[in-house]
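Undergrad: Here you go, sequence then predicted model.
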Amino acid sequence: MCYAHRMRPAPSPFAGPIPVLTTGPLVLRAFVARDAAAVEAAVSDVGVAEQTLSIPHPYPRGAAVDFIATTQREWSAGTVATWAVVQRGVDAVVGAVMLRFAWPHRRAEVGYWVARTAWGRGFATEAVRVVLDYGFDVLGLHRVEARRWVGNEASGRVLAKVGLRDEGILRGALVRDGIARDVIISGRLRDDPR
Ligand SMILES: CC(C)(COP(=O)(O)OP(=O)(O)OC[C@H]1O[C@@H](n2cnc3c(N)ncnc32)[C@H](O)[C@@H]1OP(=O)(O)O)[C@@H](O)C(=O)NCCC(=O)NCCS
């Protein structure tokens with residue numbers, strides 16, 4: 001008797017392209033080369049960059065091209081999933097959401113930004129919500145966590161709305177621009193009430 005077909009592992013989601021996720025007015029899809037100008041315009045804004053750990057300011061010319069190529073490599077390697085957030089029917093990038101995986105722990109860290117021109121329309125909340133659903137329901141994550149600077153109230157609201165609870169302050173935990181900053185860590189477990 002042959003069990004080979006039963007023993008074959010499930011196909012990895014990372015073997016193909018990152019899945020397209022749709023939600024309300026938004027489509028989340030892979031970044032493609034033509035998005036570079038929109039990415040550069042959005043993240044050149046100091047108000048976006050300074051709230052992140054790793055987006056440099058000033059943003060170097062051409063860095064968005066490298067960023068997009070990196071997102072494609074990271075997805076194929078199964079290390080980071082990065083979605084471009086576009087408005088349905090418009091296909092212009094308004095933001096990004098990423099999951100950085102720690103597979104031995106079935107955990108991921110979520111990160112995101114939205115272009116200032118699109119702030120306050122619920123886009124981050126909706127995009128993060130659909131990515132969390134994908135992470136828990138399709139990828140089988142056990143925990144999603146987020147780190148934000150103390151004082152990033154908008155990000156705190158987004159995280160609260162998608163069910164991440166603040167768990168504490170990590171004093172001086174992350175260095176940006178040479179300064180060790182206080183960080184709020186928050187998390188949601190798969191079995192937390194939605
Ligand atoms: C954080 C960010 C992604 C939010 O994007 P967005 O699409 O405007 O978010 P939403 O519209 O879904 O929700 C924003 C919430 O923050 C609230 N908010 C915005 N600015 C705020 C402020 N200064 N103080 C308190 N709340 C604020 C809004 O009122 C809204 O909450 P509500 O629905 O309860 O009214 C966007 O501001 C951004 O890109 N910031 C810079 C990058 C960043 O912070 N990334 C996260 C790093 S941890």
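TA: Received, thanks. Keep in mind it's a predicted model, so treat the numbers as computed, not measured.

Undergrad: Neighbours of V94, how many?
TA: Neighbourhood size, V94 [other Cβ atoms under 10 Å]: 23. For the C-beta atoms, the positions are set from N, CA and C on the backbone; glycine is no exception.

Undergrad: pLDDT wise, what is the closest residue to it other than its chain neighbours at?
TA: Nearest residue to V94, sequence neighbours excluded (Cβ to Cβ, 6 or more residues apart in numbering): A118, at 4.1 Å. Looking at A118, its pLDDT reads 98.

Undergrad: same thing with the one 3 residues further on?
TA: Residue-level confidence at R121 comes out at 98, pLDDT.

Undergrad: same question, R8
TA: At R8, the pLDDT recorded in the model is 59.

Undergrad: what does this structure have sitting close to the ligand?
TA: Contact residues, the chain versus the ligand (Cβ under 6 Å from any ligand atom): 48, 51-52, 112-114, 119-125, 148, 152-155, 157-158.

Undergrad: Show me those that map onto strands.
TA: Counting by DSSP state E, those place 112-114, 148 in strands.

Undergrad: Save those residues as CSV, and put in neighbour count and pLDDT too.
TA: Shown next, in CSV, are those (neighbours: other Cβ atoms under 10 Å; pLDDT from 0 to 100):
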residue, neighbour count, pLDDT
Y112, 23, 98
W113, 23, 98
V114, 23, 98
R148, 22, 98
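
Undergrad: Nothing else from me, thank you.
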